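# mind folding the following:
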Amino acid sequence: MRERTQGARQGIDEQGEEPEGQGQRMRSPCSPSHVIPIVGILLGHAAAGNLPRAEETASFRDPFAYCAAVGTADAPGPRYTGPATPAAVARGLRAAFGAPADAPLDPFLERSVWRCMDGKVYACSFGANLPCLEKADLGPRPSAGMAEFCGNNPGAPSIPAVVTGRATVYQWRCQGGTPTVAKQVFRVDDRGYLADIWHVIAPR
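Purely as a prediction, here's the structure:
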């Protein structure tokens, strides 16, 4: 009887587990028991709308189609694959500045930026030191540079932009030796940029 019991235990190791190939089968990582849960997870994500739609991953070379798709973006993102400043945007800026139609396009191609707001293309040219990439400065408190300027120029009717900073929305003056806001001269758009230096570019 003892011999039969010992014989029945042959093939079982000291930890009470059967060696591989005896009573157990190796499970392939691609067996149905592994694949079915993965498929279920993917189907669940699709049903919940968590997988990206085709229109959310499409790329664009046309800035107008890109802005229509993304709505609002402070700078072109990776889905835009066209030139940094498209010729259509440069031509729109040339017209916005009142330059002749035969004026060279290179200055606008080389010194301009564009973005999307509410599905439309907006562009700005750095000409005349415009602060295209800066958000508008709405701060009503004068800087140390303004205070120094007014200390040296009491009663000055205006403080130059090189002192105030070009992103300020105000015109500043010196009231005696104190910097003071004279009036607001620039508007601010919904994204916080100086609205007066950004131009809507229509597709042509």
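# quick one, helices of this structure?
Applying DSSP state H to the chain gives helices spanning 2-8, 32-48, 54-57, 63-70, 87-96, 106-110, 144-152, 161-164.
# which of the residues in the fifth one are buried?
This means helix 87-96. Neighbour-count burial for helix 87-96 flags Ala88, Val89, Ala90, Arg91, Gly92, Leu93, Arg94, Ala95, Ala96 (criterion: 16 or more other Cβ atoms under 10 Å). For every residue, glycine as well, the C-beta is placed using N, CA and C.
# could you dump the residues you listed to TSV with distance to Leu109 and pLDDT?
Formatted as TSV, those follow (distance: Cβ to Cβ, whole Å; pLDDT from 0 to 100):
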residue	distance to Leu109	pLDDT
Ala88	11	97
Val89	9	98
Ala90	5	98
Arg91	10	97
Gly92	12	97
Leu93	9	97
Arg94	10	97
Ala95	14	96
Ala96	15	96
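# between these, which is nearest Asp106?
Proximity of these to Asp106 (Cβ to Cβ) peaks at Ala90, which lies at 8.4 Å.
# next one: the residue lying closest to that closest one once chain neighbours are set aside from Phe126, what distance?
Counting by Cβ to Cβ, 6 or more residues apart in numbering, Phe108 is the residue found nearest to Ala90 once chain neighbours are left out, at 3.9 Å. According to Cβ to Cβ, to the nearest Å, Phe108 stands 10 Å off from Phe126.
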